[in-house]
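take a look and give me a structure for this.
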Amino acid sequence: MVDTRQNILFIVMDTVRKDNLSVYGYDKKVSPSLEEFSKESLVFPHAISPAPWTLPVHASLFTGLYPGEHGANQERPYLEKNIKTLADSLSNSGYSTACYSSNAWITPFTGLTSGFQDIDNFFEIFPSHTLSKKVASMYAFIWKYLTSHNFLTSIANKIVELGNEIHEFLSINSSSSDSKTPKIVNKTIDFISSNDSYFIFINLMDAHLPYNPPKQSLDKFAPGINPSSVCQNSKEYNSGSRDIGGEEWGKIKQLYDAEIHHMDSEIGRLFNWMKSNDKWDNTLVIVCSDHGELHGEHGLYGHEFCIYDPLINVPLLIKHKNIDKKIIEKQIELIDLYHTILDISGAKTIEGALSLNKKRSLISPLYREFEGSKFAFIEYSKPIIELRQLESKARNSNIILDKHSRFYSRMRAIRSKDAKYIKNEVLPDEFYNIIEDPGELINKLTPSDDGVGDFKSNLHKFEKQIGANWESFTDVNHDTTSDMDENVRDRLRDLGYLE
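Below you'll find the model as predicted:
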């Protein structure tokens, strides 16, 4: 039994593939700190993320709800204010709470920082001293207003697209890495030093495109490779406007390894400090990824337009002094971490937050003792923002995208340890035997639905449970930016969204 009222450190290594870590058998030693960490941790080979990208996954981690329940996705890119988070409950129960991230989706805009007392997302347009609750609420209101009205939705999309392009250009053309991870680790150390009872969440973005690792990691895993010499824009490849050959893929993967190594080194620095300062034994430490990355598999680059295993079967390691180290072969879902943290913290949930479910807590003897527990569920809403960027790249190369392709499809999946059924909106459905076909290359779906009935019926139950539907919130082709009121444009300029 694990003692309650433990300190909590929750680390998300954004965009890290499970099979790129030596803990899971990778032959390159890019993650020695995590390998050392695994010697005293629970290791999960079958941890399933509820979505293949940041916003819905983090909303699920912070609320314990599936994406179809909390509704934070590209069609409505924020968490509703009435949905309370893990940090809301822990803060209300006396924990000092902090959120340090270099991910643009984890901001006051999207509602994901609700409940965190100390927030820093390391962007100049959101300096930490401006993130008071009043200002954070204003940011969130403006973002929600933009993304809740068809007239203005395209503005929000353009904001993200512009930010991505600026970040990409500055990152790959910089003579040095733009990694925020060392600052995040420093900030985390300062917070732990100053607080006796803490819940700290950090998101580390090094493994996210574009890849420009610091020199030490670059020289070790990608010697002689110039980051600006390879394709760093997934939309160029996915749209068909840019081809990537085998040699270039090799360089891209080396840069990716180097980024993971840098992140692992900083995680190791944080862990070593905690051990040297008597902060280790009394802290629950969770390390996972929110999603993985594709490097050419299924003809895709990045983490859009599919829900195959390289994106949703993620690494997960959990350490606490009262939990014995072992490999957990059971398939689990990342949303279970919400209940696990509630259980270990002893915190009481506040009104508007999902109550603790012992059958979802990893430390409970009742864990996953519910009907359908062998299944995990994954959701992917209409990829509005990525789709706009993809269409832009295609137009520039005189390429016409197929409206019945995966680029325009919502998706849901139900997965067991052995198989996965994918329900597509505009594509034929898919069924894979993961044991025989781990690359998910051979669609086993037949007209008779042999072996798929149990998957289909449980997915249908899931859809009824969460009340999900595929009615579009937004027309992705609706663009009225040029007709926008100039006062709105001026306010966006003041906030740093538009030039």
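
show me where the stretch 301-450 of the chain has helices.
Here the stretch 301-450 of the chain has its helices, by DSSP state H, counting those that start in this stretch, at 309-312, 336-345, 384-396.

can you give me the helices in the stretch 151-300 of the chain?
Counting by DSSP H, counting those that start in this stretch, the stretch 151-300 of the chain has helices at residues 181-194, 215-221, 234-238, 246-276.

now those in JSON lines, with mean pLDDT and mean neighbour count?
Heads up, the C-betas are built off the backbone N, CA and C, glycines and all. Converted to JSON lines, these look like this (pLDDT from 0 to 100; neighbours: other C-beta atoms under 10 Å):
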{"stretch": "helix 181-194", "mean pLDDT": "97", "mean neighbour count": "18"}
{"stretch": "helix 215-221", "mean pLDDT": "97", "mean neighbour count": "18"}
{"stretch": "helix 234-238", "mean pLDDT": "95", "mean neighbour count": "23"}
{"stretch": "helix 246-276", "mean pLDDT": "98", "mean neighbour count": "20"}
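
so which of these comes closest to I202?
I202 lies closest to helix 181-194 among those, at 5.4 Å (C-beta to C-beta).

ok, residues contacting that closest one?
7, 9, 96, 98, 100-102, 118, 120, 122, 198, 200, 202, 204-206, 262-263, 266-267, 269-270, 273-274, 277, 279 (C-beta atoms under 8 Å, 6 or more residues apart in numbering).

so that helix versus helix 246-276, what angle?
With axes from the mean of the first three to the mean of the last three C-alpha atoms, to 10 degrees defining the directions, helix 181-194 sits at 20 degrees from helix 246-276.

got the CA coordinates for helix 181-194 in CSV?
This file holds the C-alpha atoms of helix 181-194, laid out as CSV (Å, rounded to 0.1, in the frame of the first residue of the first chain):
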residue,chain,number,x,y,z
THR,A,181,14.4,22.3,-20.9
PRO,A,182,17.4,23.5,-18.8
LYS,A,183,15.4,26.5,-17.7
ILE,A,184,12.4,24.3,-16.9
VAL,A,185,14.6,22.0,-14.8
ASN,A,186,16.1,25.0,-13.0
LYS,A,187,12.6,26.4,-12.3
THR,A,188,11.5,23.0,-11.0
ILE,A,189,14.5,22.7,-8.7
ASP,A,190,13.7,26.2,-7.3
PHE,A,191,10.0,25.3,-6.7
ILE,A,192,10.8,22.0,-5.0
SER,A,193,13.4,23.8,-2.8
SER,A,194,10.8,26.3,-1.7
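
next, the buried residues of stretch 315-324.
Neighbour-count burial for stretch 315-324, with 16 or more other C-beta atoms under 10 Å as criterion, is recorded at P315, L316, L317, I318, K319, H320, I323.

which strands or helices does the host helix or strand of T97 pack on?
Using DSSP states H and E, T97 falls within strand 96-101. When contacts are defined as 3 or more C-beta pairs under 8 Å, 6 or more residues apart in numbering; DSSP states H and E, strand 96-101 packs onto helix 86-92, strand 118-120, helix 181-194, strand 198-204.

mind listing the strands that strand pairs with, and their directions?
Under the criterion DSSP bridges, strand 96-101 sits next to strand 118-120 (parallel), strand 198-204 (parallel) in its sheet.

could I get the buried residue list for that strand?
Those would be S96, T97, A98, C99, Y100, S101, for strand 96-101 by 16+ other C-beta under 10 Å.

which stretch among the helices of the stretch 151-300 of the chain comes nearest I48?
So among the helices of the stretch 151-300 of the chain, helix 246-276 is nearest, using C-beta to C-beta, at 20.7 Å.

mind giving me the packing neighbours of the closest one?
Here helix 246-276 touches strand 7-13, helix 32-38, helix 181-194, strand 198-204, helix 215-221, strand 283-288, strand 294-295, going by 3+ C-beta pairs under 8 Å, 6+ apart.

the inter-axis angle of that helix versus strand 7-13?
Using the same axes, to 10 degrees: helix 246-276 against strand 7-13 is 170 degrees.

helix 246-276 to strand 283-288, inter-axis angle?
Using the same axes, to 10 degrees: helix 246-276 against strand 283-288 is 180 degrees.

for helix 246-276, the distance to its chain's centre please.
Centroid displacement of helix 246-276 relative to its chain, using C-alpha atoms, centre = their mean, to the nearest Å, is 17 Å.

now stretch 436-445
25 Å.

tell me how many other residues surround E80.
14 (other C-beta atoms under 10 Å).

that one and G240, how far apart?
37 Å (C-beta to C-beta, to the nearest Å).

and if you look at Y367?
45 Å.

just A353 next, same as before
Taking C-beta to C-beta, one finds A353 at 45 Å from G240.

relative to T97, how far out is the closest residue to E36 other than its chain neighbours?
If the residues on either side of it in the chain are set aside, E36 comes closest to G268, at 7.4 Å by C-beta to C-beta, 6 or more residues apart in numbering. The spacing between G268 and T97, counted by C-beta to C-beta, is 24 Å.

now do P182
Distance of P182 to T97, computed by C-beta to C-beta: 22 Å.

cool, T283 as well?
In this structure, T283 and T97 are 14 Å apart, going by C-beta to C-beta.

and the closest residue to M411 other than its chain neighbours, how many neighbours?
Closest residue to M411 apart from its sequence neighbours, by C-beta to C-beta, 6+ apart: Y380 at 4.2 Å. Neighbour count of Y380, defined by other C-beta under 10 Å: 28.

which ones are touching Y380?
Listed by C-beta under 8 Å, 6+ apart, the contact set of Y380 reads A51, P52, C306, I307, R410, M411, R412.

and with 7 Å instead?
Residues in contact with Y380 (C-beta atoms under 7 Å, 6 or more residues apart in numbering) are A51, P52, I307, R410, M411.

measure it to E297 for me?
Between Y380 and E297 the distance is 16 Å, computed by C-beta to C-beta.

please enumerate the strands of the stretch 351-499 of the chain.
Taking DSSP state E, counting those that start in this stretch as the criterion, the stretch 351-499 of the chain carries its strands at 376-380, 411-415, 419-424, 430-433.

could you dump those into JSON lines and include distance to N212?
As requested, the strands of the stretch 351-499 of the chain are exported to JSON lines (distance: least, C-beta to C-beta, whole Å):
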{"stretch": "strand 376-380", "distance to N212": "28"}
{"stretch": "strand 411-415", "distance to N212": "31"}
{"stretch": "strand 419-424", "distance to N212": "34"}
{"stretch": "strand 430-433", "distance to N212": "35"}
